[in-house]
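**Q** Turn this into a structure:
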Amino acid sequence: MLNRVSLRQMEYFVATAKHGSIAAASAHIHISSPSISAAIAHIEIELNVQLFVRHPSKGLGLTAIGTLVLRQCEDVLERSSRLYEIASDSSNIMQGSLRVGSFQSLTAMIAPEVIFGFSRAFEKVEVQMVEGDQVVLMNKLHALEIDLAITYDLHLDDDIEFESLATLPPYVLVSELHPLAEQKAVTFEELAPQPFVLLDLPTSREYFTSLFAKAGVTPNIVARSKSEEVVRSMVANGIGYALFNVRPKSNQSLDGKRMVRVRLAGTHRPMLLGLATYKPVKQSRLTSVFMARCRSYISDQYIPGMSAASFYDPHIAAMQAQALP
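**A** This next block holds a predicted model:
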């Protein structure tokens, strides 16, 4: 189960079972109701079972199989907690400062659960988060200013160790009124003449423009920004389409306009989301425990703050095959 159902999803399910409703669980653990609903739905789909039945006057009740799954999840969570306790009790391992780099367009989704959730779990650990683009993060790793980075597999030097945790294929983002919004898939030949809004971050812009180059076409760039939210707002207001890899759960821009994701036809190199460390530095146990937390919280099946990758099926396997340059 651990390979395909995350610890966080189990926690959401257990909280719902204990409190009798998603709303009550949301209020108790301070996680949005849609996130809890999505976690429960994922477990039900993964295990092919029904966990709850709805009682009009009593809220949610566990099914017979749901009760069995609950016991197993509680057991897994208890054993996981013991692992952290063992690490915390060992000689000065779980105290001190941990410096975590975060790719800036990922931070809003990754930081609350993964980074700051770690500092809440270990009160003696001071977590310092450093945001930046890929160039900034790699420079800080080399300068020993951060212990690791949660980032992409873009332009990594030979002295950088990268562990992939999740695959993020590219997709097209358009306004709901865009001519391409109703298409199931779109080609780069169709995109090329259309106005393109570029996420203009170092290495990210090269990645996006390389996708056009591989298709033998040139994008019609009409606007660019280093901010993901600015690009999303321009897309929502009809200035052009954009390419993204991250999948925020919200399909609205900050001004409330709705956007639509459209699949790219064919297979294209995805970005790999993972952990980057500097090879010459021996990682501390504190860093190693944090990396173990990242492995539990980030996978192809679940990424905090992001919608499911099922949007790309049945092409996800082919895209993963294209992950290596």
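
**Q** buried set for stretch 296-311?
**A** 296-309 (16 or more other Cβ atoms under 10 Å). Just so you know, the C-beta spots here come from the backbone N, C-alpha and C atoms, and that holds for glycine as well.

**Q** So for residue 76, what's the nearest residue that isn't a sequence neighbour?
**A** Among residues not flanking residue 76 along the chain, residue 10 sits closest, at 6.2 Å (Cβ to Cβ, 6 or more residues apart in numbering).

**Q** Which secondary structure element is home to that neighbour?
**A** Residue 10 belongs to helix 7-19 when assigned by DSSP states H and E.

**Q** buried sites along that helix?
**A** 7-17, 19.

**Q** so after that helix, what's the next helix or strand?
**A** Where DSSP H and E defines the elements, the next helix or strand beyond helix 7-19 is helix 22-29.

**Q** Could you name the helices and strands sitting against that next one?
**A** helix 7-19, helix 33-47 (3 or more Cβ pairs under 8 Å, 6 or more residues apart in numbering; DSSP states H and E).

**Q** Any stretches of the protein with poor pLDDT?
**A** Within the chain, the ranges that satisfy pLDDT under 70 run 1-3, 57, 82, 84-94, 308-325.

**Q** how long is stretch 99-107 end to end?
**A** Its start and end residues considered, stretch 99-107 measures 14 Å (Cα to Cα, to the nearest Å).

**Q** Buried residues in it, which are they?
**A** 99-107.

**Q** Next: stretch 27-43.
**A** 31, 35-36, 38-40, 42-43.

**Q** Between all of these, which two are separated the most?
**A** 31 and 43 (15.0 Å; Cβ to Cβ).

**Q** so how far is the lengthiest helix in the chain from its chain's centroid?
**A** Secondary structure assigned by DSSP state H gives helix 64-89 as the longest helix of the chain. From the chain centre to the centre of helix 64-89 is a distance of 23 Å (Cα atoms, centre = their mean, to the nearest Å).

**Q** what angle do that helix and helix 7-19 make?
**A** Helix 64-89 and helix 7-19 meet at an angle of 120 degrees, taking axes from the mean of the first three to the mean of the last three Cα atoms, to 10 degrees as the criterion.

**Q** Touching the next helix or strand after helix 64-89 from outside, list them.
**A** Where DSSP H and E defines the elements, the next helix or strand beyond helix 64-89 is strand 96-103. For strand 96-103, contacts defined as Cβ atoms under 8 Å, 6 or more residues apart in numbering pick out 110-111, 115, 118, 124-134, 136-137, 140-141, 145-152, 276, 286-287, 290.

**Q** Pull the contacting residues for residue 148.
**A** 100-101, 141, 275-277, 283, 287, 290-291.

**Q** swap the cut-off to 10 Å and go again
**A** Residue 148 makes contact with 98-101, 137, 141, 161, 163, 275-278, 281, 283, 287-288, 290-291, 294, according to Cβ atoms under 10 Å, 6 or more residues apart in numbering.

**Q** Show me the strands in the protein, by range?
**A** Remark: strands assigned in the chain by DSSP state E are 52-55, 59-62, 96-103, 125-132, 148-152, 160-168, 171-175, 185-186, 195-199, 220-225, 242-244, 259-264, 271-278.

**Q** Give me the sheet partners of the second one and which way each runs.
**A** Sheet pairing for strand 59-62, assigned by DSSP bridges, gives strand 52-55 (antiparallel).

**Q** swap in the longest one?
**A** Here strand 160-168 has these sheet partners by DSSP bridges: strand 271-278 (antiparallel).

**Q** was I right about residue 17 contacting residue 68?
**A** No. If you go by Cβ atoms under 10 Å, residue 17 and residue 68 don't touch, sitting 11.6 Å apart.

**Q** Quickly list what's touching both of these two.
**A** 51, 62.

**Q** Which segments of this structure make up each domain?
**A** Following automatic domain parsing, one gets these domains for the chain: 7-89, 96-167+271-321, 170-264.

**Q** hmm, back to that, just the buried subset of the contacts of residue 148, please.
**A** Using 16+ other Cβ under 10 Å as the burial test, the contacts of residue 148 include 98-101, 137, 141, 161, 275-278, 287, 290-291, 294 as buried.

**Q** from these, which single one is nearest residue 23?
**A** Checking these against residue 23 with Cβ to Cβ, the nearest one is residue 294 at 29.7 Å.

**Q** what residues are up against the closest one?
**A** Contacts of residue 294 by Cβ under 10 Å, 6+ apart are 100, 110, 114-115, 118, 148, 150, 163, 165, 273-275.

**Q** of all those residues, which comes closest to residue 221?
**A** Using Cβ to Cβ, these come closest to residue 221 at residue 273, 25.3 Å.

**Q** what's the burial count for the residue nearest to the closest one when sequence neighbours are not counted?
**A** Distances taken as Cβ to Cβ, 6+ apart place residue 166 nearest to residue 273, at 4.5 Å, with adjacent residues excluded. Look at residue 166: counted by other Cβ atoms under 10 Å, it has 17 neighbours.

**Q** Does residue 166 touch residue 109 like I think?
**A** No. When contacts are counted by Cβ under 10 Å, residue 166 is not listed as touching residue 109 (11.6 Å).
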